[in-house]
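# The amino acid sequence is not available; the structure is as follows:
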């Protein structure tokens with residue numbers, strides 16, 4: 001699948017996943033796509049934890065019992081290194097967002113579906129428990145988890161506004 005087809009087909013899969021295993025080689029490709037994302041000042045503060053099976057994902061899904069985490073056969077957790085917060089020009093948010101976005105597209109290009117899942121970990125206690133499960137060093141932050149797998153049925157896609165509704169030419173509100 002080419003890049004633009006992956007962009008068009010990508011959606012947030014909020015339903016259940018099939019139990020089919022995602023090969024480690026696929027998860028590694030997806031992770032490498034995330035690590036290839038640009039980082040501010042080449043800081044490279046993003047860290048990933050691949051959860052390759054239900055056994056490794058189950059404790060996280062108990063913290064955040066969503067359809068995605070309860071049924072996904074694999075996931076990738078996106079963490080940030082605390083030393084990012086100590087620098088003057090902190091691009092931590094941009095860096096992990098770029099990494100996650102590239103991994104979502106990579107999963108789609110490889111025939112899988114995923115979801116940007118972060119809201120359960122806005123709760124400090126949930127984040128702390130998840131970081132302990134992931135074995136993260138002190139000070140690290142869990143930013144997002146991407147459940148990955150094959151969809152168990154057709155996933156719901158939300159309607160997107162049209163190009164003309166969101167894009168202006170030369171000045172805001174001006175059209176061709």
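Alright, I've got the coordinates. Since we're looking at a predicted model, the values are computed, not measured. Numbers count the residues shown, from 1 in each chain.
# alpha carbons only for contacts and neighbour counts from here, please
OK.
# Give me the contacts around the longest strand anywhere in the chain.
Ranked by number of residues, the top strand in the chain under DSSP state E is strand 141-149. Residues external to strand 141-149 that are found in contact with it (CA atoms under 8 Å, 6 or more residues apart in numbering): 17-22, 68-69, 72-82, 96, 100, 104, 107, 112-118, 121, 127, 130-131.
# Among these, which are located in strands?
Per DSSP E, strands hold the following members of these: 74, 75, 76, 77, 78, 79, 80, 113, 114.
# out of the residues you listed, what pair is the most spread apart?
Farthest pair in the ones in strands among the contacts of strand 141-149 (CA to CA) is 80 and 113. Separation: 23.5 Å.
# Of those two, which one has the most company?
Here residue 80 and residue 113 are compared on neighbour count by other CA atoms under 10 Å; more neighbours surround residue 113, at 26 against 23.
# Residue 151 is in contact with the more buried one, correct?
Yes - here residue 113 reaches residue 151: they are 6.5 Å apart, a contact under CA atoms under 8 Å.
# Need the residues touching each of those two.
Residues touching both residue 113 and residue 151 (CA under 8 Å, 6+ apart): residue 13.
# So in terms of bridging, what pairs with the residue lying closest to residue 46 once chain neighbours are set aside?
Excluding the flanking residues, the one nearest residue 46 by CA to CA, 6 or more residues apart in numbering is residue 80, at 4.7 Å. Under the criterion DSSP bridges, residue 80 forms beta bridges with residue 46, residue 141.
# What does the pLDDT read for residue 80?
Note on residue 80: pLDDT of 92.
# Distance of it relative to residue 19?
Noted for residue 80: a distance of 29 Å to residue 19, by CA to CA, to the nearest Å.
# circling back to that earlier point, I'd like the ones in strands among the contacts of strand 141-149 as CSV, with distance to residue 135 appended.
Putting these into CSV (distance: CA to CA, whole Å) gives the following:
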residue, distance to residue 135
74, 17
75, 15
76, 14
77, 12
78, 13
79, 11
80, 13
113, 26
114, 23
